[in-house]
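Participant: here's my sequence, what's the structure:
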Amino acid sequence: MTNWLLAAEADKIQDLVFRSSKLVQVVGGSSLLTRFCREVPHLILEHHLQRVPTEDEIIIADGGSFRLVLDDEEKSVRAGLDLAESYYRATGGSLTVADPRPFDDAGFETANRAAEADLRTKKQDRRAAASAEAAAHMPYVALCASCGVLLATNHAARHSGEVANYICDVCQVKAAERDLLQSQPRQERFLTLFFDTLKRFDSQDDLPWERVPGLFPEDANAVGSCDVRGTGHVAYLVADGNSMGVLFSRCRSPRAMRELSTALTAAMWQALAKASMRTCKQLWASGKANGVPVLPLIVGGDDLFALLPVPYSLDFARQACLAFEEAMRPHVQNHGLVKDSRELPALAAAVVICKANYPYALAHRLGESLLGRAKRLSRAANLRHGVNLSCVDLALVRGSDVQELDQLGALGRTHVVPSAAPYWASPGDLPSKAIEYALDLQELLDVRRDLNALPGKRRAELRRLFWDRLPDEGAVGGRETALADLRDRWELELEALLQRIEPDPAGRPTLRGKLDLLGDPGGTHARWRRFGARPDQPVCHGLPDLLEAWDFGQDLNHGLGDYEEEGR
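Facilitator: Numbering: from 1, shown residues only. Next up, the predicted model:
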């Protein structure tokens, strides 16, 4: 019997979800997308098939991606049109639909690859989908005060305590979706999925499971109150799976693809929930939080975007990566989707630290750029040496300035860079080949704990030396003799500072030992570490990263009390 595969994907999901000025509407947008994926494809198939669809006929309906099976080409075409129209009416966004592809029991893999190629082609040709953003702008009309894109259809207050303003249909639907979660928490909604997954990791029943309202933060300011320094900083986590498309392309049946999609979604929720519960336990114990100061903003497919409290944010990312690997590994191995360990699923993650009032869309954009760097590192290590590990990058936003910890491009440095980022997220000791590409994030967290007593004044002096006074050939026009003089002068300044911090290196060699650990343990490059196979690769050091990440580099195995500065 010949069936027809209908493939469709939402366009610009992030623009759709982020088309709001309030985080509660971002959550409402994600909840709306989740409910659409779970309800509408089922209804459309039931209408065109004139019966209740089976599990194998709804292969994927998650995160704006759809793979549906029908028994007739004409039905498939009409179902695709109905799906796109329903998506536009529900969300205001557009959907790209591939031409239906026929397949029999042995031809699903071929049909799926053809549908994927058709989707890519149509997405590149922007004429294939009508843009929902091309709203007519006429005199005497108002744009939505929340998204600033669509035409307003109502003048009302979006949330309690706010003054009335102009609002469009889509933003009204998002707000209503979030309100529906508050009034009917037991229905299967976006935050309820997080709620139910959290419950699995609450071994002591510490959370008030009888209610969802009030458990999660309404905005970034609520999460900023967890900042132990009182400066109102928050963290955003952006994560994406590595090479997941390869695993989906290997699925030889609708059932295999559906099970992989289900396992992937569950793994992303589990990764977020497991790290969240560990963070909550530490923040509750220190009195810094009551509810769950973690707000998922996008969880769909292999994409994750979440608002986090700034304490423990680096280890949060690390633990989320490890939890994702742990959840996905049995499924892909048991179903024969990987050939060896180098193909096991892993995550690329980025942590963006900023003030609570920093626009979340800009934080996400920065995180996406960091993900590119982390993925390139993972890909290079995997292709050359079979190293398959998750990778974490980080950036700090100071005011309107972004302090990315890889400053090679920003500073124009060609010889020395003050950062070893990105870092591996490893469950144990790093393989020997992995050390050639990056440091282990756990190693950075361990050094942070060991140097906890280092005074703030000394940290500031070290930071100025490593960030602002590094020798570089750009400063001397490439003259090697002058560069050597700068290196010698810098080493003397560092030694003088170390003498003030640790007058008796034999009796208390803590800082010196950590400098070697985060630099070059073998001393080949005179304190510096060189990653990569190219001999002209700039040398770098991990201490500047540690100094930047000092206030959010806590280890989840230790309470916040263990990180209090002496005399504070």
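
Participant: which stretches of the stretch 101-250 of the chain form strands?
Facilitator: In the stretch 101-250 of the chain, the strands defined using DSSP state E, counting those that start in this stretch lie at 101-103, 154-156, 165-167, 233-241.

Participant: would a markdown table of the ones you listed with mean pLDDT and distance to residue 353 be doable?
Facilitator: C-betas here are computed from N, CA, C, even on glycine. Formatted as a markdown table, the strands of the stretch 101-250 of the chain follow (pLDDT from 0 to 100; distance: least, C-beta to C-beta, whole Å):
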| stretch | mean pLDDT | distance to residue 353 |
| --- | --- | --- |
| strand 101-103 | 92 | 45 |
| strand 154-156 | 75 | 36 |
| strand 165-167 | 76 | 31 |
| strand 233-241 | 94 | 5 |
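
Participant: just name the most buried of those strands.
Facilitator: strand 233-241 (a mean of 26; mean count of other C-beta atoms under 10 Å).

Participant: could you find the closest non-adjacent residue to the residue nearest the centre of the chain?
Facilitator: Nearest residue to the geometric centre of the chain (C-alpha atoms, centre = their mean): residue 238, 1.6 Å. Leaving aside its chain neighbours, residue 238 sits nearest to residue 367 (3.1 Å; criterion: C-beta to C-beta, 6 or more residues apart in numbering).

Participant: what comes up buried for whichever helix or strand that neighbour is part of?
Facilitator: If you go by DSSP states H and E, residue 367 is part of helix 360-385. Buried residues in helix 360-385, counting neighbours by 16 or more other C-beta atoms under 10 Å, are found at 360-361, 363-364, 366-367, 370-371, 373-375, 377-378, 381-382, 385.

Participant: okay, buried residues for the very next helix or strand once past that helix please.
Facilitator: Where DSSP H and E defines the elements, the next helix or strand beyond helix 360-385 is strand 390-398. Using 16+ other C-beta under 10 Å as the burial criterion, the residues of strand 390-398 that qualify are 390, 391, 392, 393, 394, 395, 396, 397.

Participant: cool, stretch 88-95 as well?
Facilitator: Buried-residue list, stretch 88-95, by 16+ other C-beta under 10 Å: 90, 91, 92, 93, 94, 95.

Participant: how many other residues sit next to residue 339?
Facilitator: The number of residues packed near residue 339 is 8, by other C-beta atoms under 10 Å.

Participant: quick one: it is in a strand?
Facilitator: No. Residue 339 is assigned coil when assessed by DSSP: H, G, I helix; E, B strand; the rest coil, not a strand.

Participant: pLDDT score assigned to it?
Facilitator: Residue 339 carries a pLDDT score of 84 in this model.

Participant: list the contacts of it.
Facilitator: Taking C-beta atoms under 8 Å, 6 or more residues apart in numbering, we find residue 339 in contact with no residue.

Participant: same thing with residue 78?
Facilitator: residue 48.

Participant: list the buried residues in the helix or strand it falls within.
Facilitator: According to DSSP H and E, residue 78 maps onto helix 73-91. Buried residues in helix 73-91, counted by 16+ other C-beta under 10 Å: 75, 76, 77, 79, 80, 82, 83, 84, 86, 87, 90, 91.

Participant: equivalent analysis for stretch 446-466, please.
Facilitator: Buried, per 16+ other C-beta under 10 Å, within stretch 446-466: 447, 448, 451, 454, 458, 459, 462, 463, 465, 466.

Participant: got phi/psi on the nearest residue to the second one once chain neighbours are set aside?
Facilitator: With C-beta to C-beta, 6+ apart as the criterion, residue 448 has its nearest non-adjacent residue at 4.2 Å, and that residue is residue 553. The phi/psi pair for residue 553 (degrees, to the nearest 10) reads phi -100, psi 30.

Participant: oh, and call the first residue 42 from now on, that's how I've got it
Facilitator: With the count now opening at 42, the last piece we talked about shows up as residue 594.

Participant: so residue 594 touches residue 486, yeah?
Facilitator: Yes. Residue 594 lies in contact with residue 486 (C-beta atoms under 8 Å); the separation is 5.9 Å.

Participant: mind listing what's buried in stretch 204-213?
Facilitator: Residues 207, 208, 209, 211, 212, 213 are the ones in stretch 204-213 that count as buried (16+ other C-beta under 10 Å).

Participant: which one of the residues you listed sits closest to residue 349?
Facilitator: Nearest to residue 349, judged by C-beta to C-beta, of the buried residues of stretch 204-213 is residue 212 at 25.3 Å.

Participant: any idea how far residue 348 is from the closest one?
Facilitator: Distance, residue 212 to residue 348, by C-beta to C-beta, to the nearest Å: 20 Å.

Participant: do the same with residue 99
Facilitator: For residue 99 relative to residue 348 (C-beta to C-beta), the value is 31 Å.

Participant: the more surrounded of those two?
Facilitator: residue 348 (26 against 20).

Participant: can you report how many residues lie near the closest residue to the more buried one other than its chain neighbours?
Facilitator: Using C-beta to C-beta, 6+ apart and skipping the chain neighbours, the partner closest in space to residue 348 is residue 336 (4.3 Å). Residues lying near residue 336 (other C-beta under 10 Å) number 25.

Participant: surely residue 336 is in contact with residue 71?
Facilitator: No. Residue 336 lies out of contact with residue 71 (C-beta under 8 Å); the separation is 10.3 Å.

Participant: now do the phi/psi pair for residue 341.
Facilitator: Dihedral angles (degrees, to the nearest 10) for residue 341: phi -160, psi 130.

Participant: how many other residues sit next to it?
Facilitator: 22.

Participant: that one contacts residue 79, doesn't it?
Facilitator: No. Contact criterion C-beta under 8 Å: residue 341 and residue 79 do not qualify, at 11.8 Å.

Participant: OK, contacts around the spatially closest residue to residue 602 that is not a sequence neighbour?
Facilitator: Nearest non-adjacent residue to residue 602, counting by C-beta to C-beta, 6+ apart: residue 327, 6.5 Å away. Counting by C-beta under 8 Å, 6+ apart, residue 327 touches 600, 601, 602.

Participant: buried subset of the residues you listed as a ChimeraX selection?
Facilitator: Here is the ChimeraX command that picks out the buried ones among the contacts of residue 327, judged by 16+ other C-beta under 10 Å:
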select :601
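
Participant: put the alpha carbons of stretch 472-490 into CSV.
Facilitator: Extracted in CSV, the C-alpha atoms of stretch 472-490 (Å, rounded to 0.1, in the frame of the first residue of the first chain):
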residue,chain,number,x,y,z
PRO,A,472,40.1,12.2,26.7
SER,A,473,43.7,13.1,25.8
LYS,A,474,42.8,14.4,22.3
ALA,A,475,40.0,16.6,23.8
ILE,A,476,42.6,18.5,25.8
GLU,A,477,44.1,19.7,22.6
TYR,A,478,40.9,21.7,21.8
ALA,A,479,39.5,23.0,25.0
LEU,A,480,39.6,22.9,28.8
ASP,A,481,37.0,21.1,30.9
LEU,A,482,34.3,23.4,32.4
GLN,A,483,34.4,21.4,35.6
GLU,A,484,38.1,22.3,35.9
LEU,A,485,37.3,26.0,35.8
LEU,A,486,34.6,25.5,38.5
ASP,A,487,37.1,23.6,40.7
VAL,A,488,39.6,26.4,40.4
ARG,A,489,36.9,28.9,41.3
ARG,A,490,36.2,27.0,44.5
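
Participant: quick check: domain ranges of this protein?
Facilitator: In terms of domains, the chain is parsed into 42-227, 257-446, 453-589 (source: automatic domain parsing).

Participant: now for residue 347, how many residues are close by?
Facilitator: 22.

Participant: can you check the pLDDT for it?
Facilitator: 94.

Participant: element containing it, please.
Facilitator: strand 344-350.

Participant: and that strand, what other elements does it pack with?
Facilitator: helix 261-265, strand 274-282, helix 295-327, strand 336-341, helix 401-426 (3 or more C-beta pairs under 8 Å, 6 or more residues apart in numbering; DSSP states H and E).
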